[in-house]
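1. my questions concern the predicted model and sequence given below.
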Amino acid sequence: MSPSPPANERVVIVRLSAIGDIVHAIPSAVAIKRARPSTEIAWVVEGRAADVLEGHPAVDRIIRVPRGWLLSPAAVRRLAGELAGYRADIAIDLQGLFKSGVATWLSKAPMRLGASRPHARELSWLASTRRVSPRRPHIIERHLELLAPIGIAAPKVEFAMPRNEAARRSVAGWFPRSDSGTAVLNPGAGWASKLWPTERFAAVARVLRRQHGVASVVVWGGPDESAAADRIVADADGAATKAPPTSLSELAETARLARLFISSDTGPLHIAAAVGTPCVGLFGPVPASRNGPWGSIHATVEPPAGMRPPWSRRKTDSRSMLAIEADDVLAAAGRLLARSR
């Protein structure tokens, strides 16, 4: 049982980036709010990743910092001033890097929680007053383990992602419908080593239409992903259409309307999983046991044994993704479609 928190307790979570990692950290905020409803929670986050947290019921305050803030003395002073005004009782470093350690230390919270070495890197552990050695395999569970010093042990994983009715109305205006449902394909990724060939996405779209009657829509962000979406649509022989530009809120509502979401290990996949859409995750350089979409409604596809690169080359070695065949992805998608039928 959690100890009774003091009145007006304030917690600051530090998880600065990236989009998928922010999603993985959200269950920690939800767990705190469930166990200690009167606690106020602030979140320090960088750039566009902050949009994932907008309107979330577990986050009372978003402290936005620009990307590269640590190299700007003015930005560091602004963050220090905002954190000083917030007067946190507890700070939780869910990133374990130098920059998150600096933000955690700037909070001046009497209790500062973080992972111990080697889970925390770049001297970030020096900012923590209480250090926890995570033991569970999945990153979501590892984040939740850091809550043990405040009496929150093994909480249920919940995302509690809010709906955005304006975004839903916007998406409903263009989202393609079919009697058998629609699959969303996301060809983008944060690392080049996580990209899956566009021709294989197109092959998946063709078979989904031919064998299951499922239409596909391709989502994207930025010029490179837009070009990849164009190639998929061109190769899909009418089985796929390209989505218009979407905000993160619109992306979440697009996922809610989909019967299936297919993507490599990247932010949109984890947003889709968090809103409860069945996902097929393609995991090459990073194992699904660590980063896979959370829950039994999802499926993951990984390369054959021995094809995953060493951790030091995970961001540059693409062979593991190339070892994932379209037939493997279609088999996983077929299982999920049969289950949802």
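-> Thanks, I have the structure now. Numbers count the residues shown, from 1 in each chain.
2. ok, residue 212 touching residue 180?
-> Yes: look at residue 212 against residue 180 with Cβ atoms under 8 Å: they come within range, at 5.9 Å. Any C-beta I mention is one placed from the backbone N, CA and C, and that applies to glycine too.
3. between those two, tell me which one has more neighbours.
-> residue 212 (20 against 14; other Cβ atoms under 10 Å).
4. mind checking how far residue 188 is from residue 139?
-> 20 Å (Cβ to Cβ, to the nearest Å).
5. list the contacts for residue 126?
-> By Cβ atoms under 8 Å, 6 or more residues apart in numbering, the residues touching residue 126 are 101, 105.
6. now do the SS call for it.
-> What DSSP: H, G, I helix; E, B strand; the rest coil gives for residue 126 is helix.
7. any idea which helix is longest in this structure?
-> In the chain, assigned by DSSP state H, the helix with the most residues is helix 19-35.
8. which elements pack onto the longest strand seen in the chain?
-> As assigned by DSSP state E, the longest strand anywhere in the chain is strand 40-46. Helices and strands touching strand 40-46, by 3 or more Cβ pairs under 8 Å, 6 or more residues apart in numbering; DSSP states H and E, are strand 10-14, helix 19-35, strand 61-65, helix 73-86.
9. for residue 104, which of those is the nearest?
-> Closest of the helices and strands packed on strand 40-46 to residue 104 is strand 10-14, at 5.0 Å (criterion: Cβ to Cβ).
10. report the angle between the closest one and helix 19-35.
-> If you take axes from the mean of the first three to the mean of the last three Cα atoms, to 10 degrees, strand 10-14 sits at 160 degrees to helix 19-35.
11. got any ranges where the stretch 101-250 of the chain has weak pLDDT?
-> Residue ranges of the stretch 101-250 of the chain with pLDDT under 70: none are present.
12. need the winner for burial among the helices and strands packed on strand 40-46.
-> With neighbours taken as mean count of other Cβ atoms under 10 Å, these reach their highest mean count in strand 10-14, at a mean of 27.
13. name the element residue 271 belongs to?
-> If you go by DSSP states H and E, residue 271 is part of helix 267-274.
14. same thing with residue 284?
-> Counting by DSSP H and E, residue 284 is part of no helix or strand.
15. residues making contact with the helix holding residue 271?
-> Helix 267-274 is contacted by residues 18-20, 22-24, 26, 52, 159, 161, 184, 186, 188, 190, 219, 221, 248, 251-252, 255, 258, 261, 263, 279, 281, 293-295, 298 when judged by Cβ under 8 Å, 6+ apart.
16. one more time with 6 Å
-> With Cβ atoms under 6 Å, 6 or more residues apart in numbering as the test, helix 267-274 has contacts from 19-20, 23, 159, 161, 186, 251-252, 255, 261, 263, 279, 281, 293, 298.
17. turn the helices and strands packed on strand 40-46 into CSV, columns for mean pLDDT and distance to residue 143.
-> Formatted as CSV, those follow (pLDDT from 0 to 100; distance: least, Cβ to Cβ, whole Å):
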stretch, mean pLDDT, distance to residue 143
strand 10-14, 98, 9
helix 19-35, 97, 5
strand 61-65, 98, 18
helix 73-86, 98, 21
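18. please identify which of these is closest to residue 337.
-> Among the helices and strands packed on strand 40-46, helix 19-35 sits nearest to residue 337 (Cβ to Cβ), with 24.1 Å.
19. ok now that closest one, how far from the chain's centre?
-> Between the centre of helix 19-35 and the centre of its chain there are 10 Å (Cα atoms, centre = their mean, to the nearest Å).
20. okay, now the sheet partners of the longest strand of the chain, with direction.
-> strand 10-14 (parallel), strand 61-65 (parallel) (DSSP bridges).
21. tell me what the helix or strand encompassing residue 253 is packed against?
-> Using DSSP H and E, residue 253 sits in helix 248-257. Applying 3 or more Cβ pairs under 6 Å, 6 or more residues apart in numbering; DSSP states H and E, we find helix 248-257 packed against helix 165-172, helix 267-274.
22. for residue 119, helix, strand, or coil?
-> Per three-state DSSP, residue 119 ends up coil.
23. what angle sits between the longest strand of the chain and helix 73-86?
-> Going by the same axes, to 10 degrees, strand 40-46 makes 170 degrees with helix 73-86.
24. residues making contact with strand 40-46?
-> So strand 40-46 is contacted by 10-14, 16-17, 29, 53, 59-63, 65, 67, 86, 103 (Cβ under 6 Å, 6+ apart).
25. what about residue 223, how many neighbours?
-> Count around residue 223 with other Cβ under 10 Å applied: 8.
26. likewise for residue 158?
-> Residue 158, neighbours per other Cβ under 10 Å, totals 16.
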